[in-house]
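*Asks:* Got a predicted model here, sequence first, then my questions.
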Amino acid sequence: MMGGVANDGGNSSSDKPRRGRRVRMTGVERRQQLLDIGRTLFAEKGFEGTSVEEIAAKAGVSKPVVYEHFGGKEGLYAVVVDREMRQLLDGVTGALTAGHPRELLEQAAFALLDYIESYTDGFRILVRDSPVAQSTGTFASLISDIATQVEDILGLEFKARGFDPKLAPLYAQALVGMVALTGQWWLDVRRPGKAEVAAHLVNLAWHGLDRLESKPQLVGRRKN
């Protein structure tokens, strides 16, 4: 009887620490947790409005843990931005699969709008200005990377139409910039629907390209 009581007491006391013990994350799991928390805060408050203290508090760790994984807020932000840029660039590049140029424009427009819809926090981070972002890691550099993918497509189309293919980079920047800035506006309004926005973007781009002049001339008084 006494043995049974003693045995019960022993189980009870050993159970308590187990119930109160916090599950320990692996280094990989902790890093991912900090990335997810940082991504949410950077999207909501921006780089300047987010502190290491807040990131650590939401993760339930001390500040040195954040420094250990990323070297500070700047390092965490850089990794978040790099991931979002690759996510968007891979999505756009992977979408460019059709043979007809107009369908390629549609796919590129949809790829950007899909990203905005599915990765809203990431897009908010990309379009924000930050002192950390210099020549790389900016929305402008991302647009340039996407435009490079479009250059080859436009170059072939220009060549087929007898236009100067050396102008393809200029038109690629213009087209991708148009879609990206419209997407930035659509981020908040979300009207009209995604398919309708894509259709209107392609309508403007395609019908402009369809009636493209090989040597456009200015019609106003200013010539230079």
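*Replies:* Sure, I can see it.

*Asks:* so which helix or strand takes in the residue positioned nearest the centre of the chain?
*Replies:* For the chain, E84 is the residue whose C-alpha lies nearest the centre (C-alpha atoms, centre = their mean; 3.5 Å). Element membership for E84, per DSSP states H and E: helix 73-95.

*Asks:* I'd like the distance from that helix to the chain centre, please.
*Replies:* Its chain's average C-alpha position is 5 Å from that of helix 73-95, according to C-alpha atoms, centre = their mean, to the nearest Å.

*Asks:* Averaged pLDDT, it. What do you get?
*Replies:* Here the mean pLDDT over helix 73-95 is 90, rounded to a whole number.

*Asks:* Pull the residues that contact the helix or strand just after that helix.
*Replies:* Per DSSP H and E, helix 73-95 leads on to helix 101-118 as the next helix or strand towards the C-terminus. Counting contacts by C-beta atoms under 8 Å, 6 or more residues apart in numbering, the residues outside helix 101-118 that touch it are 87-88, 91-92, 94-98, 122-123, 146, 150, 153-154, 157, 175-176, 179-180, 183, 186-187, 194, 197-199, 201-202, 205-206, 209. The C-beta positions use only the backbone N, C-alpha and C, and glycine is treated the same way.

*Asks:* tell me what whichever helix or strand comes after helix 101-118 is packed against?
*Replies:* Sequence-wise, the next helix or strand beyond helix 101-118 is helix 120-127, with elements assigned using DSSP H and E. With contacts defined as 3 or more C-beta pairs under 8 Å, 6 or more residues apart in numbering; DSSP states H and E, the secondary structure elements packing on helix 120-127 are helix 27-49, helix 73-95, helix 101-118, helix 139-161, helix 168-189.

*Asks:* Take the ones you listed and write them to TSV, including distance to L218.
*Replies:* As requested, the helices and strands packed on helix 120-127 are exported to TSV (distance: least, C-beta to C-beta, whole Å):
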stretch	distance to L218
helix 27-49	41
helix 73-95	32
helix 101-118	26
helix 139-161	21
helix 168-189	16
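
*Asks:* weakest of the ones you listed by average pLDDT?
*Replies:* Lowest mean pLDDT within the helices and strands packed on helix 120-127: helix 139-161, a mean of 82.

*Asks:* quick revisit: mind giving me the PyMOL command for buried ones among the contacts of helix 101-118?
*Replies:* Under the burial definition 16 or more other C-beta atoms under 10 Å, those of the contacts of helix 101-118 that qualify are selected in PyMOL by:
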select buried, resi 88+91+92+95+96+122+123+146+150+153+154+157+175+176+179+180+183+186+194+197+198+201+202+205+206+209
